[in-house]
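[1] Just need the structure, nothing else, for what follows:
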Amino acid sequence: MRILTCKRNEQKLDGLSLSEAFQYWRQSLKRNRLKEVQDELVELMVLKSRPENEDMIREDKQTIIDSTGNHINEVGFKIINDEKYQTKHLVFIHGYGASLGCFARNFQLINKFKNDKKFNYHIHFLDNITFGLSSNPKIEYEGVNHWFIKQCPSLKIKDSRPNDKSNLYNKYYKLVDSFTIDRNEFSQYQEHYKPLLEEIEKFYIEAIENWRIASDIGQIDYLIGHSFGGYWSGSYSLKYPDNLKHLILLSPVGVERHVHSVTSDILQENKSEFVPDLDPTSYKFLSRVPILSNEHVRKWYYILPFMPIFLKIFGPWGYRYYFNTWYRKLSNINKVIDNLGGSEKVIKSENDTVIGTKKECLLIIEYLYNSITGGSNSDIYIKNLLTPATVSKWPLYDKFDAFYRSSKHDFKIDVLYGQFDFMNAEAGEKMVQLIRKNSSDQTTINFQKIKQGGHNLYIDNPFDTNSAIHEIVTKGSVDSSHKD
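    This next block holds a predicted model:
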């Protein structure tokens, strides 16, 4: 038997020189550089000449989704185990500040489905609308495209121990004595954002639905969304429950209820001062608000929406800043491999040996840089959806709660977080409990954490993430003898 090894230590970079950063920045000025890097990344991760990839069929296409010519960019991988088998479709939707190439370490997931005795498989990695090589249309709604974003209502917080960090709950959440709201300000805030958020929701989920229809997919078998993409995947599943079979959320953003939820009933209480709660299903949950600095809030509204533009304008300095942000995250996979038992236990294929190498890390960073600095209207839309505490003004928990108040539709859903995730995994677990309570088959509703993973669990530990998704997909398989 051939033993695969992954030489990692000599691959580590100390940093990127300004001259090297200049070369990457100059390359980014080329008209089609993002497409070139996407192709290079696909080839690196699943090289055609590797024997394990011989039966893999690749797709690289752009699907028109409306009458104006807007399109969704896609990289797909197929395995045909038997021509008479039905095809299962797995659809991946990435988060904010990324594009489909962020799933580079998951491209090889398709190989896990080889020799399946029941199905063929087609995995679709999509650039969400406005991202990457997909079209970047605007939402046709007054106010949503303005760079000036209406801020969350102010809170007057009473904290008798402002400098005491010993009472932080789950690292990010501090229980203060009380908080006071301006009822009129809260009312105006909710009136402003409710219709606006409905338009934003329609924009993203209709793009997914139109892609499904244009792709001639009767039902999406597994819709897999991460973070911002997880939020919209969850929202899509609630509007079109009959058009997918199974939802997989990877560290979705915006699950928890909180004080700035537009769905909050806090104004029904005839008072202005409240005692906060650490329960992420309570509208008195303050989330990270008590620990946020004024500087953070200012950056959220006035700097971060422009950050992709700044990165490009600042030339090689911007590129080097971006490199420093990402390289440590990507190269940390080498420590993760050691923590999981070492190369002999973790590395199972030649595709695995690429992960964490200097070449792979550099190419992913170049891809991500080119994907975000082209500009996206979502740079504004996400600031309308989320608060500076990185929670959704329209919680996903509330969407599921409202869904079950009017429907008894059974849901198959798996929610995955990283072991070291900064998202509120407790909220995700409570959402799973809500869904289980309303499901006739609780075995199809599951929650788990990926060890050694953070918010980007599919990057931090792709080995266990890929295995978890493979297990979810195959454990519920049923015999089928007809084509899709």
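
[2] Next up, the contacts around Gly254.
    The contact partners of Gly254, by CB atoms under 8 Å, 6 or more residues apart in numbering, come to Tyr231, Leu385, Leu386, Val391, Ser392, Trp394, Pro395, Leu396. C-betas here are computed from N, CA, C, even on glycine.

[3] in which helix or strand would I find it?
    Per DSSP states H and E: Gly254 is located in neither a helix nor a strand.

[4] what's the answer for Phe92, then?
    strand 86-93.

[5] Packing partners of that strand?
    strand 119-126, strand 220-226, helix 228-239, helix 462-475 (3 or more CB pairs under 8 Å, 6 or more residues apart in numbering; DSSP states H and E).

[6] Identify all contacting residues around the first one.
    Defining contact as CB under 8 Å, 6+ apart, one finds that strand 119-126 is touched by 72-82, 85-94, 100, 103, 106-107, 109-110, 113, 134, 211, 215, 477, 480, 484.

[7] partners of it, with directions?
    Strand 119-126 has the following strand partners under DSSP bridges: strand 71-79 (antiparallel), strand 86-93 (parallel).

[8] Go through the ones you listed and pick out the most buried.
    Ranked by mean neighbour count, the strands paired with strand 119-126 are led by strand 86-93 with a mean of 24 (mean count of other CB atoms under 10 Å).

[9] Rounded mean pLDDT for that one, please.
    Strand 86-93 shows an average pLDDT of 98 in the prediction.

[10] same check, this time on stretch 349-368
    97.

[11] Restricting to C-alpha, output it in PDB.
    C-alpha atoms of stretch 349-368 as PDB (Å, rounded to 0.1, in the frame of the first residue of the first chain):
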ATOM      1  CA  SER A 349      -5.500  11.000  -0.800                       C
ATOM      2  CA  GLU A 350      -3.200  12.900  -3.100                       C
ATOM      3  CA  ASN A 351      -5.800  15.700  -3.100                       C
ATOM      4  CA  ASP A 352      -5.300  16.000   0.700                       C
ATOM      5  CA  THR A 353      -1.600  16.500   0.300                       C
ATOM      6  CA  VAL A 354      -2.200  19.900  -1.300                       C
ATOM      7  CA  ILE A 355      -4.100  21.300   1.700                       C
ATOM      8  CA  GLY A 356      -2.000  23.700   3.800                       C
ATOM      9  CA  THR A 357       0.900  24.000   1.300                       C
ATOM     10  CA  LYS A 358       2.400  27.300   0.500                       C
ATOM     11  CA  LYS A 359       1.100  27.100  -3.100                       C
ATOM     12  CA  GLU A 360      -2.500  26.400  -1.900                       C
ATOM     13  CA  CYS A 361      -2.600  29.100   0.700                       C
ATOM     14  CA  LEU A 362      -1.200  31.700  -1.700                       C
ATOM     15  CA  LEU A 363      -3.700  30.800  -4.400                       C
ATOM     16  CA  ILE A 364      -6.700  30.800  -2.100                       C
ATOM     17  CA  ILE A 365      -5.700  34.300  -0.800                       C
ATOM     18  CA  GLU A 366      -5.200  35.600  -4.300                       C
ATOM     19  CA  TYR A 367      -8.600  34.200  -5.300                       C
ATOM     20  CA  LEU A 368     -10.400  35.700  -2.300                       C
END
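
[12] Check which residues of that stretch are buried.
    For stretch 349-368, a neighbour-count test (16 or more other CB atoms under 10 Å) marks 350-357, 360-368 as buried.

[13] and if you look at stretch 228-239?
    Buried, per 16+ other CB under 10 Å, within stretch 228-239: Phe228, Gly229, Gly230, Tyr231, Trp232, Ser233, Gly234, Ser235, Tyr236, Ser237, Leu238.

[14] how close does the spatially closest residue to the second one that is not a sequence neighbour sit to Phe77?
    On the basis of CB to CB, 6 or more residues apart in numbering, the spatially nearest residue to Gly229 that is not a chain neighbour turns out to be Ile93, at 3.6 Å. Computed with CB to CB, to the nearest Å, the distance linking Ile93 and Phe77 is 16 Å.

[15] Could you do Ser331 as well?
    25 Å.

[16] can you check Ile435 too?
    30 Å.

[17] now swap in Lys239 and tell me
    28 Å.

[18] And Asn424, by the same measure?
    Counting by CB to CB, the gap from Asn424 to Phe77 is 33 Å.

[19] again with Leu416
    Distance from Leu416 to Phe77, by CB to CB: 21 Å.

[20] cool, and Tyr417?
    26 Å.

[21] Check Ile333 too.
    21 Å.

[22] got it, and Asn210?
    Applying CB to CB to Asn210 and Phe77 gives a distance of 22 Å.
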